[in-house]
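Student: fold the following and give me the result.
(one chain, ligands or ions: 1)
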Amino acid sequence: MRPIFKVLPLLAFFAALLLTPSDASLLRRAKNKTMSAKSFKVLITHPEVPQSGIDLLNENCELVRVESLPPKRSELLQKIRGVDGILWGGHEALNAEALDAAGPQLKSISTMSAGIDYVDLDEVKRRKIPLGHTPTVLDNAVADLAVGLLIAAGRRFHEGRKKIETGNWENYHLNWMLGQDVRDSVVGFYGFGGIGQAIAKRLSGFDIDQVLYTTRRRIDRETEKELNAKKVEFNELLAKSDFVVIAAPLTAATQGVFNATAFNKMKNTAVLINIARGKIVNQNDLYDALRSNRIFAAGLDVVDPEPLPPNSKLLTLDNIIILPHIGSATNRTRSDMATIAAHNVLRGLAGERMLSPAY
Ligand code: DGY
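Tutor: Alright, predicted model coming up:
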């Protein structure tokens, strides 16, 4: 046996030790049950899908890869013809046009994202094609970023930086640049799945007073207790929260929910954080609420549209911090997402249940 094969199990063991429990269990299941898809043709729709996913698929499948960057729709539609599986690497529309171009032999698709708002789910379901996505493995990375945004917005990082640049560092005031405390605050979550709960877990280390959440279904009692969390109606969430964190998927029911009516129900000291999807917020109404100091500040990792045009009026405000949708953008997280997506595709091809089925 070549020496490299002898050390591989050891390397895999140490890699597993580095993973958080939920990541580890997902990836362990992936390893145990990897199927034996043979000679399938799989399309990778983005040239920058991490190697971890490519290597897995390469073992059993013939790969076809989109090479243009940003990926050209025309190249995708041409290369998609006749493939058995697809690792859908970007946020390009996955719709009837793409599925028709692929053909009826298509057996398995996985996105490399948690959110699947760019997928025409009805079309995928109608054709009975198994679809996977990659939640869970990105919870920690997105939660870290959310906590960063919450503090940055509440403590006016962006405005402070601008004061320096414009020569307005007025530290002769005693009450200059005062912000909002995280300590003893009520943090309200609109959507409280894996990402929301990972944020709440981190914030418990900041001595917050209470977590409120609005979801369709109540979470389990044990997690509620652990996170000091209480399910409330949306209006109560808005009225009582010092920080409101949007962590819900974009659906017809959540689109535009954060509008003028909602902002008018929030405290004028409240800070709004959005790490979910831009369309959940009515951006014109948010602009008005921030400009008139109806609410204190906002921190957004997601906006509508993306990319946000450089002349967007949101960028003129002092009390908003905006990031370019980088919640899951760490090397490890993206690599794990590619691994899970590849296993999803392989399992779909083998007719097995995917690791993270999207429906
Ligand atoms: C997701 O996976 O949905 C994140 O927003 C990154 O795309």
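Student: report the closest residue of the stretch 251-359 of the chain relative to the ligand.
Tutor: Ser328 (4.4 Å; C-beta to the nearest ligand atom). Where C-beta positions appear, they are placed from N, C-alpha and C, glycine not excepted.
Student: ok, now which ones touch that residue?
Tutor: When contacts are counted by C-beta atoms under 8 Å, 6 or more residues apart in numbering, Ser328 touches 113-114, 138, 141-142, 334, 337.
Student: how about Glu75?
Tutor: 66-68.
Student: and if you look at Arg218?
Tutor: Taking C-beta under 8 Å, 6+ apart as the test, what Arg218 contacts is 224, 231.
Student: in three-state terms, label it for me.
Tutor: The three-state assignment at Arg218 reads coil, by DSSP: H, G, I helix; E, B strand; the rest coil.
Student: about what we covered before: how close does the closest residue to the residue of the stretch 251-359 of the chain closest to the ligand other than its chain neighbours get to the ligand?
Tutor: Sequence neighbours aside, Leu138 is the residue nearest to Ser328 in space, at 4.0 Å (criterion: C-beta to C-beta, 6 or more residues apart in numbering). To the ligand, Leu138 is 6 Å away according to C-beta to the nearest ligand atom, to the nearest Å.
Student: and Asp84, by the same measure?
Tutor: 24 Å.
Student: quick one: that residue from Arg73, how far?
Tutor: 21 Å (C-beta to C-beta, to the nearest Å).
Student: so what's Asn264 closest to, chain neighbours aside?
Tutor: Arg294 (6.8 Å).
Student: next up, the contacts around the one you found.
Tutor: 263-264, 266, 268, 288.
Student: how about Ala141?
Tutor: 327-330, 332-333.
Student: 10 Å instead?
Tutor: Contacts were defined as C-beta atoms under 10 Å, 6 or more residues apart in numbering; by that measure Ala141 touches 195, 198, 326-330, 332-334, 336-337.
Student: one more: Glu62?
Tutor: Contacts of Glu62 (C-beta under 10 Å, 6+ apart): 39-42, 83-84.
Student: rerun at 6 Å
Tutor: Shown in contact with Glu62 (C-beta atoms under 6 Å, 6 or more residues apart in numbering): Lys41.
Student: what's the end-to-end length of stretch 40-57?
Tutor: 9 Å (C-alpha to C-alpha, to the nearest Å).
Student: so does the helix ranked longest in the chain get close to the ligand?
Tutor: Counting residues, the longest helix found in the chain (DSSP state H) is helix 331-349. No. No part of helix 331-349 sits near the ligand under the criterion C-beta under 6 Å from any ligand atom; the closest distance found is 7.2 Å.
Student: okay, buried residues for that helix please.
Tutor: 333-334, 336-349 (16 or more other C-beta atoms under 10 Å).
Student: what does this protein put close to the ligand?
Tutor: Going by C-beta under 6 Å from any ligand atom, the residues of the chain near the ligand are 113-115, 138, 327-328.
Student: among these, name the buried ones.
Tutor: The buried subset of the residues of the chain next to the ligand (16+ other C-beta under 10 Å) comprises 113-115, 138, 327-328.
Student: ranges for the strands of this protein?
Tutor: 40-44, 61-65, 85-88, 108-111, 131-132, 186-190, 210-214, 229-231, 243-246, 271-274, 297-300, 320-322 (DSSP state E).
Student: give me the mean pLDDT for the first one.
Tutor: Which is strand 40-44. Mean pLDDT, computed over strand 40-44, is 98.
Student: what is the orientation angle of it with helix 331-349?
Tutor: 150 degrees (axes from the mean of the first three to the mean of the last three C-alpha atoms, to 10 degrees).
Student: for strand 40-44, packing partners?
Tutor: strand 61-65, strand 85-88 (3 or more C-beta pairs under 6 Å, 6 or more residues apart in numbering; DSSP states H and E).
Student: sweet, I'm off.
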